[in-house]
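**Student:** sequence unavailable; structure follows:
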């Protein structure tokens, strides 16, 4: 089973995107622990506990609800057909989006540290995004098993 170079690059980019988002998230949590008000318990609740629920929900729901799974699989396939993760430009665009989200989290941590008020949980939103990225990476493997897709991605 040899896949086309484009498919291998696409699959690798999906995996690397999840990994990079996870590393950015871990860095943001480490950054927040020493800066956010309320003690370690409050900080961990805002950066790990609630976000974990959002991550799990955004990973499981799109894979468990057939209609959502079809829509997300179609989106993943269209992303492949559009060339995501297959050209330097698309890779730079993906990295840029991840860095933009990271900058937003760091900015929100600074705002909470300055005001002492937790307004919106950007950690939960970012974790939900990681869950969806992980669901997409899982669906890449599911797409490989479909005969009509397999025919188009094999060499």
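**Tutor:** Perfect, I can see it now. None of the values given here were measured: they were computed from a predicted structure.
**Student:** how far does stretch 73-89 stretch from start to finish?
**Tutor:** End-to-end distance of stretch 73-89 (Cα to Cα, to the nearest Å): 23 Å.
**Student:** quick one: contacts for residue 22?
**Tutor:** Residue 22 sits next to residue 130 when contact means Cβ atoms under 8 Å, 6 or more residues apart in numbering. The way it works is simple: take the backbone N, C-alpha and C, and place the C-beta from them, glycine included.
**Student:** how far does whichever strand or helix holds it sit from its chain's centre?
**Tutor:** Assigned by DSSP states H and E, residue 22 falls within helix 5-33. Chain-centre distance of helix 5-33: 7 Å, with Cα atoms, centre = their mean, to the nearest Å.
**Student:** same question for stretch 32-44.
**Tutor:** Distance, centroid of stretch 32-44 to centroid of chain: 24 Å (Cα atoms, centre = their mean).
**Student:** I'd like the numbering to begin with 50 instead of 1 from here.
**Tutor:** Let's use 50 as the start, then, which means that last one is stretch 81-93.
**Student:** next, the buried residues of that stretch.
**Tutor:** By neighbour count on 16 or more other Cβ atoms under 10 Å, the buried set for stretch 81-93 is 81, 85, 92, 93.
**Student:** what's next to it, contact-wise?
**Tutor:** 95, 96, 158, 159, 161, 162, 165, 167, 172.
**Student:** quick one: buried ones out of the residues you listed?
**Tutor:** Applying 16+ other Cβ under 10 Å to the contacts of stretch 81-93 flags 95, 96, 158, 161, 167, 172 as buried.
**Student:** where in the protein is pLDDT low?
**Tutor:** Across the chain, the ranges flagged by pLDDT under 70 are 50.
**Student:** quick check, central residue of it?
**Tutor:** Nearest to the mean C-alpha position of the chain, counting by Cα atoms, centre = their mean, stands residue 179 at 2.8 Å.
**Student:** please name the residues that touch the closest residue to it other than its chain neighbours.
**Tutor:** The shortest distance from residue 179 to any non-neighbouring residue, by Cβ to Cβ, 6 or more residues apart in numbering, is to residue 70 (4.8 Å). By Cβ under 8 Å, 6+ apart, the residues touching residue 70 are 147, 150, 175, 178, 179, 182.
**Student:** about what we covered before: can you tell me the element the residue nearest to the centre of the chain falls in?
**Tutor:** helix 171-193.
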